[in-house]
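# coordinates only, sequence not included:
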């Protein structure tokens, strides 16, 4: 076991910004072969698949029934 290497890595990780640490955690703990939640949100926003909803009438209101 290389204790010096592990300690050095810990120091580097602790010195990272929150954003960089989050990115590192994503890379380490999530399967990178699948799209991330952030990627899916971006795809939904820019892909155009839900553009038809912009032309839908407002058929529901707060007065429609029991609150959920």
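It's in. Note that the coordinates shown come from a computational prediction; the quantities given were computed from them, not determined experimentally. Residues are numbered from 1 along each chain as shown.
# make it CA atoms for all contacts and neighbour counts henceforth
OK.
# could you report the neighbour count for residue 28?
Residue 28 has 10 neighbouring residues, counting by other CA atoms under 10 Å.
# what sits up against the helix or strand that contains it?
According to DSSP states H and E, residue 28 maps onto helix 18-29. The contact list for helix 18-29 (CA atoms under 8 Å, 6 or more residues apart in numbering) reads residue 13.
# what is the distance between it and the centre of its chain?
With CA atoms, centre = their mean, to the nearest Å as the basis, helix 18-29 stands 11 Å off its chain's centre.
# let me know the next secondary structure element after it.
helix 37-46.
# from the contact counts, what lies against that following helix?
Using 3 or more CA pairs under 8 Å, 6 or more residues apart in numbering; DSSP states H and E, no helix or strand is in contact with helix 37-46.
# pLDDT below threshold where in the protein?
For the chain, applying pLDDT under 70 flags the ranges 31-32, 67-68.
# give the buried residues for the helix holding residue 28.
Judged by neighbour count (16 or more other CA atoms under 10 Å), helix 18-29 contains no buried residues.
# next one: stretch 2-20
For stretch 2-20, it's none, nothing buried (16+ other CA under 10 Å).
# distance from the chain centre to it, please.
Using CA atoms, centre = their mean, the offset of stretch 2-20 from its chain centre is 23 Å.
# what packs against the host helix or strand of residue 8?
According to DSSP H and E, residue 8 maps onto helix 3-15. The contact analysis (3+ CA pairs under 8 Å, 6+ apart) places helix 3-15 against no helix or strand.
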